[in-house]
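In: Give me coordinates for this.
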Amino acid sequence: MDDLSKRALKGLARFQVALALIIFLPAWSLTYWQGWLYWFLFGAACFALTLYFLRHDPSLVERRMKAGPGAETEPRQKLIMTVASFSMVALYLVSALDYGLRWSHVPAVVSVIANIFVLLGFAGIFWTFRENAYAAATVRVERDQPVISTGPYALVRHPMYAAALPLFVATPPALGSWYGLIPALLVVTVIIWRLLEEERHLARDLPGYAEYRSTVPARLVPGVW
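Out: Residues are numbered from 1 along each chain as shown. The predicted model follows:
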């Protein structure tokens, strides 16, 4: 196993441990089947994507490992990613507390359907990554980076964010919570904020992006926005 694989898999393992803690500690229950199902599916999807791209596009994995507020170079992006981090933590905390304290009730069938939407979100992210090897976790333009206009980019300009939206909105009901949708709306707001700032950056620094915007008018939803 090479160094990149070791770092990527260790990072994924640490993330899964942290995710388990933030799901099960606030719920204060190990019989939390919604938590176990979500945690398993989320981890399996992350693991499958990581293994696939370690084999087929290791440079993408390297780019994706540089993430978070500290990896950003622009102050506004640092702020956006800081708010995004707190929003994500709040999404899981509120959802788990909701389950543990029985604030709301989500039917089991709704939780199962929500998990399907989580997996569909991962499928959209996989499609995006396979089409765009420059899909870094930070906002930056690399030397000789092309404008990608094929695959999902022929439909919307930000397919990764379009796939992330149903994933995060479906997370609270997948975890058996309705109240978790409140911080989920904040996550959606932050994604749109980052998208708009990223567009400004790409239009300024990526040759051909202005023409691409005129060819593909939709940011997230074709025919809507």
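
In: And the helices in this protein?
Out: Ranges of helices in the chain, per DSSP state H, are 3-27, 33-56, 58-65, 75-101, 108-131, 159-174, 181-205, 209-215.

In: For the second one, enumerate the helices and strands it packs against.
Out: Contacting helix 33-56 under the criterion 3 or more CB pairs under 8 Å, 6 or more residues apart in numbering; DSSP states H and E are the following elements: helix 3-27, helix 58-65, helix 75-101, helix 108-131, helix 159-174. Bear in mind the C-beta positions are built from the backbone N, C-alpha and C, glycine included.

In: Those: which one's closest to Val190?
Out: Across the helices and strands packed on helix 33-56, Val190 has its closest neighbour in helix 75-101 (4.6 Å, CB to CB).

In: mind listing what the residue nearest the centre of the chain touches?
Out: Nearest to the mean C-alpha position of the chain, by CA atoms, centre = their mean, lies Ala164 at 4.7 Å. The neighbours of Ala164, taking CB atoms under 8 Å, 6 or more residues apart in numbering as the test, are Gly121, Ile125, Ile191.

In: how close does the closest residue to Tyr134 other than its chain neighbours get to Leu202?
Out: Using CB to CB, 6 or more residues apart in numbering and skipping residues adjacent in sequence, the residue nearest Tyr134 is Gln145, 5.1 Å away. From Gln145 across to Leu202, the span is 10 Å (CB to CB, to the nearest Å).

In: next one: Trp33
Out: For Trp33 relative to Leu202 (CB to CB), the value is 42 Å.
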